[in-house]
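> below: sequence and its predicted model.
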Amino acid sequence: MSDPSLYVAAGALVGSLVGLTGVGGGSLMTPLLILFFGQSPSVAVGTDLLFAAITKIAATGSFGVSRRIVWPLVGRLALGSLPGAAVVLALLAFTHHSDLRADRLVMVALGGMLLVTATAMLLERVLRARVRRPEDAAGISDQDRFTDATRQRLTIGIGVLLGVAVTLTSVGAGALGTIALLYLFPRLSTDRLVGTDIAHAVPLTLLAGLGHASLGHMDAAVLGYLLMGSIPAVLLASRLALRLPHRVLRILLAIMLAIVGTKILLGR
C-alpha cells in the first residue's frame, strides 16, 4: 500500500471539492485510486462508494439541507435506483470468477461516465436557463410539458439509470442526478434540487458500497485513511462555499474529468 499520508491528502482534496461544488466524489476518487494508487478498478469503485456515502452524510449535515429535501422525489428515485443497483451487483457477482472481465467492464463504463459527467457540468448553466423559462411562444410552461403520472414514471426511470451507473462506476450521483431533476422539475429551487440529490445519493452509495464490499471489492484500510482527510475537509469547505466562485471551480473540475475520462478510455 502507498504512504498512508497520500491517501489522507487525496481524501482531503476530494472532500474539499465535494464541499465547494457538491460534486467530485466518485468522479475524482475512483480515477485517483486507479491511476495514482494502482488499485484494481473493482476495488477502487467499491472503496469509493463507501467513501462517498460517509462523506456525503457529513456534507449533508454541514449544509443543513434537511429542510430542503423533497422526500417524495427521494422515494421515487430510490424506487428505481436501489433495484438498479441490486441488478448490477448481481451481474458483478456472476462475473466474479473473472476479475479481469469485471475490471474491463468497470474501466470502459467509468471512462464513459466521466465524459458524460464533464459534459453535463459544462452545459449545466445553459440547461438551467433553458428549462426555467417561464413560458414558450405558445404559452406553455416547461413544468406543464409532463403530466404528474409521466413525471413520476420518468423519475423512477432516472433512478434506475443512476442506480446502474453509480453501482458500476461510482460516478453520476452528483452532477447527473441534479441535472435530471432540474429537467423534470424546473420550478424547484437550486438548493432543493441539490438537497434532494444528496439525500438520494446517500442510501444508493451505501447499498452499492456494501454490495461491493460483500464481493471483496473494498479496501478497509484505504477507506479509513481517505475518510481521515475527507471529513474535516468537507466540513471546512462547505463553510467556505459561499465565498468562492462556484462556476469557475465547476468548469475546472469538468475539464479535469474530461481529461481523465479520455485517458481511461484510451487505456493510458
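Happy to help now that I have it.

> which one is residue 12 nearest to, not counting chain neighbours?
residue 229 (3.6 Å; CB to CB, 6 or more residues apart in numbering). (C-beta placed from N, C-alpha, C; glycine too.)

> if I pick that neighbour, what's in contact with it?
Contact analysis of residue 229 by CB atoms under 8 Å, 6 or more residues apart in numbering lists 7-13, 15.

> which one (most neighbours) among the residues you listed?
Neighbour counts for the contacts of residue 229, by other CB atoms under 10 Å, peak at residue 15, which reaches 29 neighbours.

> can you tell me the average pLDDT over the helix or strand that one falls within?
Secondary-structure assignment from DSSP states H and E places residue 15 in helix 4-21. Mean per-residue pLDDT for helix 4-21: 85.

> list the helices and strands the next helix or strand after that helix packs on?
Using DSSP H and E, the helix or strand that follows helix 4-21 in sequence is helix 25-31. Secondary-structure packing of helix 25-31 (3 or more CB pairs under 8 Å, 6 or more residues apart in numbering; DSSP states H and E): helix 4-21, helix 41-63, helix 99-131, helix 148-169, helix 246-266.

> measure residue 159 to residue 173 for me?
According to CB to CB, to the nearest Å, residue 159 and residue 173 sit 11 Å apart.

> overlap in contacts, those two.
By CB under 8 Å, 6+ apart, the residues touching both residue 159 and residue 173 are residue 200.

> look at residue 223 and report its pLDDT.
Residue 223 is assigned a pLDDT of 95 by the prediction.

> kindly check the end-to-end length of stretch 171-190 for me.
Length of stretch 171-190, first residue to last, CA to CA, to the nearest Å: 21 Å.

> same question for stretch 95-104.
From its first residue to its last, stretch 95-104 covers 11 Å (CA to CA).

> let me see the mean pLDDT of it.
For stretch 95-104, the per-residue pLDDT averages 65.

> please apply the same query to stretch 197-211.
90.

> how far away is residue 212 from residue 33?
The spacing between residue 212 and residue 33, counted by CB to CB, is 13 Å.

> with residue 14 instead?
10 Å.

> try residue 2
From residue 2 over to residue 33 (counting by CB to CB), the distance is 10 Å.

> which of these two has more neighbours?
Ranked by neighbour count (other CB under 10 Å), residue 2 and residue 33 place residue 33 first, with 26 against 13.
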